[in-house]
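Enquirer: No sequence on hand, only this structure:
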């Protein structure tokens, strides 16, 4: 396959950046998208140019490192996959592919297609955990948990924090990510203990970092490689409202929570 | 003050105000449809008289103004925050599979707001402060609001502007009811699909119902 690539090139966080057009030839339809990027980079290195910087790690769809906004969609045209799982057979010979970094104020571009996703870590640090003393391993079924809640919690916990939801959202909102992290705990008895403080702390951090608001368009859910549902956003809204109305006043940032 | 509210609180206010405005539209439409009754505008004029004289309705009118203002101001504030959240836009964007109208709520909202001004000048302010011809019903004098409506809708450009406006109201309503429930956290595996259907039905019935009035008045 012969392809034309329009790739965002940016030297560092403070430089302006621009699109640069590259031609790649003889790409196998069976190669993955990132392998195609590797081939491009090898040719650039041979020519003495800087290779295109992009995030990648496990290359098997579980780490959430690879990003890339490909032809107007995070992780490219296929549903429920990461970019490393995207194959070139999804494109046609002679296609032009536009490759951009995630665009959001809390995700500044570091270089080329790499963005800084530390914002997600900060949201997790604000409350995405449970406080337990370590000790012996508890019995597996000591606390009864309804199967449906265990399943829903596991579904929410499958979020890999890649940021595709933010990239896809017209408002650059992180609601799907935050709601998945709130839900995985809120659905289980161990997580319920700190549920009110957690949801308020994580939402406050999300707002502080400058993510947008939710318009319920569902773009996040459509692009999530782990198919996290926006029912989690409704659950987070519910948790947030209940914590504001029903729970005692929460003090955020007073040591721990 | 609204700047300090969390994103979720703002969305909850939007949802509550929006749901209230939907209930207002249903009441408004029910009264308007009376004008199509072939009784020399009697039922419509009596209903209009009730609406402008009943003390409870008059009190609720202020709540309604509040609902409108909250929905508009917070809607604009949320949109500005959303634009600020992505200072550098994509070169190619918007290919994700989403519901179409949900992406244009601010745009349909602005069209609705702009023509709402025209609507208020033509009917609401006239009814409140203008001269309305009077009519005898059951031996008593009433304002003939009905004739005001019928005279306005004799002009084709006016009818077309209203139809255009109401179609945009329909677009806005398509992403209204179910979205409000989602913002309020009212999501359920059994009932949410029903809410989606109901949202579309409300959009078609409310916009369609309102459109019927200028069109039928013009034709007759």
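Expert: Nice, thanks for sending it over. Nothing here was measured: the structure is a model prediction, and the numbers come from that model.

Enquirer: Now do the contacts for the closest residue to chain B within the stretch 1-150 of chain A.
Expert: The stretch 1-150 of chain A approaches chain B most closely through residue A:72 (3.5 Å), counting by C-beta to the nearest C-beta. Every residue, glycine included, has its C-beta placed from N, CA and C. For residue A:72, the residues meeting the contact criterion (C-beta atoms under 8 Å, 6 or more residues apart in numbering or on different chains) are A:98, B:90, B:92-96.

Enquirer: Same check on residue A:150?
Expert: When contacts are counted by C-beta under 8 Å, 6+ apart, residue A:150 is found next to A:187-188.

Enquirer: Show me where the stretch 51-200 of chain A has its strands.
Expert: A:69-70, A:73-74, A:96-100, A:109-111, A:114-115 (DSSP state E, counting those that start in this stretch).

Enquirer: Save these as JSON lines, and put in mean neighbour count and mean pLDDT too.
Expert: Converted to JSON lines, the strands of the stretch 51-200 of chain A look like this (neighbours: other C-beta atoms under 10 Å in any protein chain shown; pLDDT from 0 to 100):
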{"stretch": "strand A:69-70", "mean neighbour count": "25", "mean pLDDT": "98"}
{"stretch": "strand A:73-74", "mean neighbour count": "26", "mean pLDDT": "97"}
{"stretch": "strand A:96-100", "mean neighbour count": "20", "mean pLDDT": "98"}
{"stretch": "strand A:109-111", "mean neighbour count": "19", "mean pLDDT": "98"}
{"stretch": "strand A:114-115", "mean neighbour count": "22", "mean pLDDT": "98"}
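
Enquirer: what about these, which gets the closest to residue B:29?
Expert: strand A:73-74 (39.8 Å; C-beta to C-beta).

Enquirer: Show me where the chain has its helices.
Expert: If you meant another chain, say so; for now it's chain A. Secondary structure of chain A, counting by DSSP state H: helices at A:33-46, A:118-127, A:147-157, A:164-168, A:175-186, A:189-192, A:195-209, A:219-223, A:231-245.

Enquirer: my bad, the chain I had in mind was chain B
Expert: Listed in chain order, the helices of chain B (DSSP H) span B:7-33, B:42-53, B:55-84, B:105-119, B:125-129, B:145-152, B:156-174, B:177-183, B:192-219.

Enquirer: Point out the residues in chain B that sit beside chain A.
Expert: With C-beta under 8 Å from any C-beta of the partner chain as the criterion, chain B meets chain A at residues B:6-12, B:78, B:81-82, B:84-99, B:102-103, B:105, B:175, B:178-179, B:182-187, B:189, B:192.

Enquirer: Where does pLDDT dip in chain B?
Expert: Applying pLDDT under 70 to chain B flags residues B:1-2.

Enquirer: which residues does the residue sitting nearest the centre point of it contact?
Expert: When chain B is reduced to its mean C-alpha position, the closest residue under C-alpha atoms, centre = their mean turns out to be residue B:25, at 5.3 Å. Listed by C-beta under 8 Å, 6+ apart, the contact set of residue B:25 reads B:173, B:206.

Enquirer: just residue A:124 next, same as before
Expert: Contact partners of residue A:124, counting by C-beta under 8 Å, 6+ apart, are A:161, A:181.

Enquirer: Just give the closest residue to residue 126, not the sequence neighbours.
Expert: Picked chain A for this. Counting by C-beta to C-beta, 6 or more residues apart in numbering or on different chains, residue A:205 is the residue found nearest to residue A:126 once chain neighbours are left out, at 3.8 Å.

Enquirer: oops, chain B please
Expert: Counting by C-beta to C-beta, 6+ apart, residue B:126 lies nearest to residue B:148, which is 6.3 Å off, once chain neighbours are set aside.

Enquirer: Chain B contacts on the stretch 101-250 of chain A?
Expert: By the criterion of C-beta under 8 Å from any C-beta, the positions of the stretch 101-250 of chain A lying close to chain B are A:103-106, A:168, A:170-173, A:175, A:203-204, A:206-207, A:210-219, A:222-223, A:230-231, A:233-241, A:244.

Enquirer: Distance check, the residue nearest to the centre of chain B against residue B:12.
Expert: Shown here: residue B:25 relative to residue B:12, a distance of 20 Å by C-beta to C-beta, to the nearest Å.

Enquirer: can you pull the contacts of residue A:223?
Expert: Contacts for residue A:223 (C-beta under 8 Å, 6+ apart) come out as A:73-75, A:79, A:164-165, A:167-168, B:96.

Enquirer: what about residue 178, neighbour count?
Expert: Since no chain was named, I'll use chain A. The number of residues packed around residue A:178, counting by other C-beta atoms under 10 Å in any protein chain shown, is 30.

Enquirer: Hmm, no, I was thinking of chain B.
Expert: The criterion is other C-beta under 10 Å. On that basis, residue B:178 has 24 neighbouring residues.

Enquirer: Please tell me how far the closest residue to residue B:8 other than its chain neighbours sits from residue A:183.
Expert: Beyond its immediate neighbours in the sequence, the residue positioned closest to residue B:8 (C-beta to C-beta, 6+ apart) is residue A:240, lying 4.8 Å away. Per C-beta to C-beta, residue A:240 is found 12 Å from residue A:183.

Enquirer: Residue A:192 too?
Expert: The spacing between residue A:192 and residue A:183, counted by C-beta to C-beta, is 12 Å.

Enquirer: Need the pLDDT of residue A:256.
Expert: According to the predicted model, the pLDDT of residue A:256 comes to 44.

Enquirer: swap in residue A:129?
Expert: According to the predicted model, the pLDDT of residue A:129 comes to 96.

Enquirer: Just read off the phi/psi values of it.
Expert: With angles defined as degrees, to the nearest 10, residue A:129 sits at phi -160, psi 170.

Enquirer: what separates it from residue A:239, distance-wise?
Expert: For residue A:129, the distance to residue A:239 - C-beta to C-beta - is 16 Å.

Enquirer: Residue B:7 too?
Expert: Using C-beta to C-beta, one gets 14 Å for the distance from residue B:7 to residue A:239.
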